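In: need the 3D shape of this:
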Amino acid sequence: MLKVARRAPLTSSKLSSVSNGILFCEKVNHRFKRMTGTRQASGLSNCIAMITDNIEGAVRAHVDDVEQSIVAIQRYSPSKVVFEGVWLSAEGCLKIQKMFPGIKIYVHIHSNIPFLAAESSSFLSILQYKDIGVEIIWNCEHAFNAMKSIINSHYLPNIYACKALSKVKTDDQFLDVACHGSMRLLKNQVIQAMAAINYANTIGKTLRFHVNMGRSEGGDDVKSSLKALFMMNKKHSLVEAKWLDHSHFIKSLTLMDIGLQVSMSETFNIVAADFVTAGVPMVVSPEIEWAFPGCFADCRSSASIERTMSYVLNTETVGINRLMLEHYSNEAKKKWHEFSQA
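Out: Reported below is the predicted structural model:
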């Protein structure tokens, strides 16, 4: 059964604007729901929602396979169909092309090259897409520049509707550090935890290092390493945070002192954007291209992360990050609008 993403009821004017617009087909993430115990509310899903909510003539459908995608296409009559992530086979694309010869098909990739390189099936799929005229949308400029001469590509950044909440954490004997997201080697949680432990020791506080343990994508060794690290430092705590829906997650972040997302590879990083909405200072890697450079740290260096933690906790950077994120999103809206009108 087709599951259309929940949103405000479609009015007659909205229905007319959807026709010949863009349909985003998002595969139902049963694995995410099973691993996290939540409904579909992954970072990817939230990013797609923000794009469709901000682009006129764009709708989103949750689908399980090519047959449900066909039902969605028949319902909305779009001129463009965007498949979220590398999941639809070339055979599925060919079937859609045959049934709807006037529709242009795109695959929207939310991973940078290092993540894709760890999944050989992704590159094989991209090769097959190229052979049948399916084009790629990258949300990462680095990936776009690397691939633009190899396959027909578009660079369309993420949109993020930034709110303006305030951090409510009071100064106490604890240093609460948020380092949320899936457990993956390239997310670099272990070095960030080391930096947080060292910084907490320097300022004489007890660290509570908040992470999501429920979703591991090749990160079981990372989990084990984090647990061993905190067993060696029993003064400090590794806090296993539950997966929450987006609004409740952002509210939980207001109870943090600082957020860390010093990963080795990124595209947009919605958790970092959530830090900005929650009014929390953050340390990130230069991979997060929309962020204020004063928040950048070397992902290889615990000392670099510690220094940047000290800087952002003693300097006003949240407002700067909010302005930079808003500018980034406004430019992204323009690009998506141009794409929708082309």
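
In: so where do the strands sit in the stretch 51-200 of the chain?
Out: For the stretch 51-200 of the chain, the strands defined by DSSP state E, counting those that start in this stretch cover 58-63, 80-84, 104-109, 135-138, 153-155, 174-178.

In: what distance do you get for E306 to P281?
Out: Look at E306 and P281: by C-beta to C-beta, to the nearest Å, they are 14 Å apart. (C-beta placed from N, C-alpha, C; glycine too.)

In: re the thing from before, in JSON lines: the strands of the stretch 51-200 of the chain, plus mean pLDDT.
Out: As requested, these are arranged in JSON lines below (pLDDT from 0 to 100):
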{"stretch": "strand 58-63", "mean pLDDT": "94"}
{"stretch": "strand 80-84", "mean pLDDT": "97"}
{"stretch": "strand 104-109", "mean pLDDT": "97"}
{"stretch": "strand 135-138", "mean pLDDT": "97"}
{"stretch": "strand 153-155", "mean pLDDT": "97"}
{"stretch": "strand 174-178", "mean pLDDT": "98"}
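
In: could you dump those strands to a markdown table with mean neighbour count and distance to V190?
Out: Listed next are those as a markdown table, based on neighbours: other C-beta atoms under 10 Å; distance: least, C-beta to C-beta, whole Å:
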| stretch | mean neighbour count | distance to V190 |
| --- | --- | --- |
| strand 58-63 | 22 | 34 |
| strand 80-84 | 24 | 30 |
| strand 104-109 | 22 | 27 |
| strand 135-138 | 20 | 28 |
| strand 153-155 | 19 | 32 |
| strand 174-178 | 23 | 14 |
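
In: of the ones you listed, which is nearest A72?
Out: strand 58-63 (3.9 Å; C-beta to C-beta).

In: that closest one versus strand 80-84: what angle between them?
Out: 50 degrees (axes from the mean of the first three to the mean of the last three C-alpha atoms, to 10 degrees).

In: re earlier: in a markdown table, list the strands of the stretch 51-200 of the chain along with distance to I320.
Out: Shown next, in a markdown table, are the strands of the stretch 51-200 of the chain (distance: least, C-beta to C-beta, whole Å):
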| stretch | distance to I320 |
| --- | --- |
| strand 58-63 | 30 |
| strand 80-84 | 31 |
| strand 104-109 | 29 |
| strand 135-138 | 26 |
| strand 153-155 | 24 |
| strand 174-178 | 19 |
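
In: which one of those strands lies closest to K205?
Out: strand 174-178 (4.2 Å).

In: other residues contacting the closest one?
Out: Contact with strand 174-178 is made by 169, 196, 199-200, 203, 205-210, 253, 255-260, 275, 280, as judged by C-beta atoms under 8 Å, 6 or more residues apart in numbering.

In: which stretches of the protein form helices?
Out: 12-18, 30-36, 43-54, 66-76, 90-99, 113-117, 120-131, 141-147, 189-203, 220-231, 246-253, 270-277, 302-313, 318-341 (DSSP state H).

In: point out the most buried one among those.
Out: helix 270-277 (a mean of 27; mean count of other C-beta atoms under 10 Å).

In: for that helix, what is the average pLDDT?
Out: When pLDDT is averaged along helix 270-277, the result is 96.

In: over to stretch 49-58 now: how far is its first residue from its last?
Out: 10 Å (C-alpha to C-alpha, to the nearest Å).

In: circling back to that earlier point, adding distance to A164, write the helices of the chain out as TSV.
Out: As requested, these are exported to TSV (distance: least, C-beta to C-beta, whole Å):
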stretch	distance to A164
helix 12-18	28
helix 30-36	28
helix 43-54	16
helix 66-76	34
helix 90-99	42
helix 113-117	31
helix 120-131	37
helix 141-147	27
helix 189-203	26
helix 220-231	32
helix 246-253	11
helix 270-277	7
helix 302-313	18
helix 318-341	7
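
In: which one of those helices lies nearest to E287?
Out: helix 141-147 (8.0 Å).

In: what lies in contact with that closest one?
Out: Against helix 141-147 from outside (C-beta under 8 Å, 6+ apart): 109, 111-113, 116, 126, 136, 138, 153-155, 157, 267, 289.

In: please redo it, this time with the cut-off set to 7 Å
Out: The contact list for helix 141-147 (C-beta atoms under 7 Å, 6 or more residues apart in numbering) reads 112-113, 136, 138, 153, 155, 289.

In: of those, closest to K242?
Out: Within those, proximity to K242 (C-beta to C-beta) peaks at N112, which comes in at 27.6 Å.

In: tell me the pLDDT of the closest one.
Out: For N112, pLDDT reads 92.

In: now S265: closest residue in space that isn't a chain neighbour?
Out: Nearest residue to S265, sequence neighbours excluded (C-beta to C-beta, 6 or more residues apart in numbering): P114, at 4.1 Å.

In: relative to I288, how far out is G219?
Out: 20 Å.

In: how about A61?
Out: In terms of C-beta to C-beta, A61 sits 29 Å off from I288.

In: over to T206?
Out: T206 is 28 Å from I288, where distance means C-beta to C-beta.
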